[in-house]
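*Asks:* Got a predicted structure here, sequence first:
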Amino acid sequence: MTTCVEQLTCLPEKPLDILKFYNYQYGIPDAVTLGIFLGILIAAITLWTRSFNIMAILGIYAVSIIGATWASESTIQPIYSSMIWIIAIAIASLAVIAFLKVTRE
């Protein structure tokens, strides 16, 4: 039994639809695939800069993006997805500001 990925019948319409290929082929949810890619990028940036502050800031943003992706997939209607992204980025920015204030003191 072949999947639509092998038959090339489910081409992506949006940039993040590429993550659906892993869902079609292997059954991995989009949020998990996005989390793996972001984790690899954060690890590479952290190894390059050797900065705990940058790792923490990027980690907070990654958690908020993955949370928004998961919430928009499973529980919230697609109409509200842009509102979820705005709220997630606002909360992540507040967390980054709080982290920077704590580390500065």
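*Replies:* On my side now, so go ahead.
*Asks:* I'd assumed Ile65 was in contact with Ile91.
*Replies:* No - Ile91 lies out of contact with Ile65 (C-beta atoms under 8 Å); the separation is 11.0 Å. Yep, even glycine has a C-beta here, placed from its N, CA and C like the rest.
*Asks:* out of these two, which sits in the busier spot?
*Replies:* Ile65 (18 against 15; other C-beta atoms under 10 Å).
*Asks:* And the host helix or strand of that one, what's buried?
*Replies:* Under the criterion of DSSP states H and E, Ile65 resides in helix 52-74. For helix 52-74, burial by neighbour count (16 or more other C-beta atoms under 10 Å) applies to 55-72.
*Asks:* how far is the helix or strand that comes right after that helix from where the chain is centred?
*Replies:* Note on helix 52-74: by DSSP H and E, the next helix or strand toward the C-terminus is helix 81-104. Its chain's C-alpha centre and that of helix 81-104 lie 14 Å apart, by C-alpha atoms, centre = their mean, to the nearest Å.
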